[in-house]
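Q: The sequence and its predicted three-dimensional model are supplied below.
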Amino acid sequence: MYYYSHGAGSSQATARNRGRHRGRRRTIHRLAHNEPVNDHLHAFASLLTPEGRALLDEVRGTDPADELAVATRLRREHPAELVSAALGQARLRQRAAAKFGAQDAERMFFTPNGVEQSTRTTVATYRAGRLRELGVTSVADLCCGIGGDAIALARAGIRVLAVDRDPLTAAVARANAEALGLADLIEVREADVTDVDTSPYDAVFVDPARRGGRGRIFDPEAYSPPLSWAVDTALKAPRAALKIAPGIPHEAVPAEAEAEWISDGGDVKEAVLWFGTEPGLVRATLLPGPRTLRGRGLPNPQVRPVGRYLYEPDGAVIRAHLVAEVAEELDGGLIDETIAYVTADELRPTPYASAYDITDQLPFNVKKLKALLRERGVGTLTVKKRGSAVEPEELRRKVLPKPQGPNAATVFLTRVAAAPTMLIGHPSG
């Protein structure tokens, strides 16, 4: 088993509001400031009126530093609640631009949870493309959130039933389908997903809630709905895709499923369990591209001395346990049996790993590193770690208290043959 890279876990929390499956007492939904969801529904509905839409256009792009002055001015002519709702929506749209693109974000509607928890458009588009290639023409999107995945599916030409139990979330998803001209392909239904008949659809997509009152949920059976329910539902459909946390143990993957780990721009975003494809297959997919590495069940690579080049596999490759496939491609080996760094003597460009030219190998010693960097005139230092307890920022402050040199370097804090080691180099190419 390989150690995961520091920070390699998914930065994306994809929960979609709690309490969507049978067996939980239905309570009054509450959002920020403990206000009942009905108040938020009323405020949201006001944004869909001609006055609300005009106000949204007026506050578009408002600088947060100017909000108080803008709010004071607008409240002279508009209800205070509507002004607050419009400014809040403007803030959410600005935040959502990085995930949805500015053009879509300026037309869409969001909730705070929706911005944080929705699938990035690039990932949703890739997944929708896979379903389309599998011949899917209709999908039941269960726990649809504000509709990010439903939008990608509809744009792929797939008819979508988008289901969410939360009234405000369903209303926002419906408004987004209309705002993007996709209402003919997306039917939004406010319902408990466990009550939905999915038999009329070619495929099922489920994105269970993976956040609770205390943060992320790591037990798949504590998802809402539980992973076991989602798997049972998937097995009844011709095809299915279940979005799960990328940290799911491989032993928790059902035998009937294909498991795919997806990264975007080097950041691991999610794992997907596919049903009706290739049971038992493990793959890592890198976006943009896409580029997909398929598992072949190779044994762990041999440990060997550090060569001229060090390869850092993409996080999706590591999560999928496909480092051996990359090592074989590079004719390389591991620097330590528990560390997912591959070393080799030749430079072989690969999309599945970043290559570094290694110039120095030292036992871990802060004073020696500081002296070496000073001798090399290093003023810009990148610190990476795997299998080390040292914090990169703390080390950087110690060895470069006053960065002045013209050169750049990368230091890897790791283990080589079980010994704490520093590898110094720079990106190849």
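A: That came through, no problem.
Q: All the helices of the stretch 201-350 of the chain, residue numbers only.
A: Here the stretch 201-350 of the chain has its helices, by DSSP state H, counting those that start in this stretch, at 227-235, 315-319, 323-330.
Q: The first one: which residues count as buried?
A: Taking 16 or more other CB atoms under 10 Å as the neighbour-count basis, helix 227-235 is seen to contain the buried residues 227, 229, 230, 231, 233, 234. Backbone N, C-alpha and C define where each C-beta goes, glycine included.
Q: Next, format those residues as JSON lines and append distance to residue 176 and pLDDT.
A: Supplementary listing: those in JSON lines, determined by distance: CB to CB, whole Å; pLDDT from 0 to 100:
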{"residue": "227", "distance to residue 176": "27", "pLDDT": "86"}
{"residue": "229", "distance to residue 176": "26", "pLDDT": "92"}
{"residue": "230", "distance to residue 176": "24", "pLDDT": "94"}
{"residue": "231", "distance to residue 176": "29", "pLDDT": "95"}
{"residue": "233", "distance to residue 176": "24", "pLDDT": "95"}
{"residue": "234", "distance to residue 176": "25", "pLDDT": "96"}
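Q: tell me the mean pLDDT over the host helix or strand of residue 163?
A: When elements are assigned from DSSP states H and E, residue 163 belongs to strand 159-164. Across strand 159-164, the average pLDDT comes to 98.
Q: Could you pull up the mean pLDDT of the helix or strand following that strand?
A: On the C-terminal side of strand 159-164, the closest following helix or strand by DSSP H and E is helix 167-179. Here the mean pLDDT over helix 167-179 is 97, rounded to a whole number.
Q: same check, this time on stretch 110-129
A: Confidence over stretch 110-129 (mean pLDDT, whole number) is 94.
Q: mind listing what's buried in it?
A: By neighbour count with 16+ other CB under 10 Å, stretch 110-129 contains the buried residues 110-111, 113-128.
Q: ok, residue 298 - contacts?
A: For residue 298, the contacting residues are 324, 325, 328, by CB atoms under 8 Å, 6 or more residues apart in numbering.
Q: where does it fall, phi/psi-wise?
A: Summarising the backbone geometry of residue 298 under the convention degrees, to the nearest 10, its torsions are phi -70, psi 150.
Q: any idea how far it lies from residue 324?
A: Between residue 298 and residue 324 the computed distance is 4 Å (CB to CB, to the nearest Å).
Q: Over to residue 263?
A: Relative to residue 324, residue 263 is positioned 18 Å away (criterion: CB to CB).
Q: between the two, who's got more neighbours?
A: Using other CB atoms under 10 Å, the more surrounded residue of residue 263 and residue 324 is residue 263, with 24 against 19.
Q: Contact partners for the more buried one?
A: Contact partners of residue 263, counting by CB under 8 Å, 6+ apart, are 269, 284, 285, 286, 287, 314, 315, 316.
Q: Give me the neighbour count for the closest residue to residue 74 other than its chain neighbours.
A: The spatially closest residue to residue 74, leaving aside those adjacent along the chain, is residue 83, at 4.7 Å (CB to CB, 6 or more residues apart in numbering). Counted with other CB under 10 Å, the neighbours of residue 83 add up to 22.
Q: Report the secondary structure state of residue 83.
A: The three-state label given to residue 83 by DSSP: H, G, I helix; E, B strand; the rest coil is helix.
Q: was I right about it contacting residue 75?
A: Yes - judged on CB atoms under 8 Å, residue 83 makes contact with residue 75 at a distance of 5.2 Å.
Q: Now do residue 301 against residue 344, distance only.
A: Counting by CB to CB, the gap from residue 301 to residue 344 is 10 Å.
Q: so what sits against both of these two?
A: For the pair residue 301 and residue 344, residues contacting each of them under the criterion CB under 8 Å, 6+ apart are 332, 333.
Q: Which parts of the stretch 301-429 of the chain are strands?
A: Taking DSSP state E, counting those that start in this stretch to define them, one finds strands in the stretch 301-429 of the chain at 309-313, 333-334, 342-344, 353-363, 378-385, 407-416, 419-427.
Q: for the first one, what is the average pLDDT?
A: Summarised as a single mean, pLDDT over strand 309-313 is 98.
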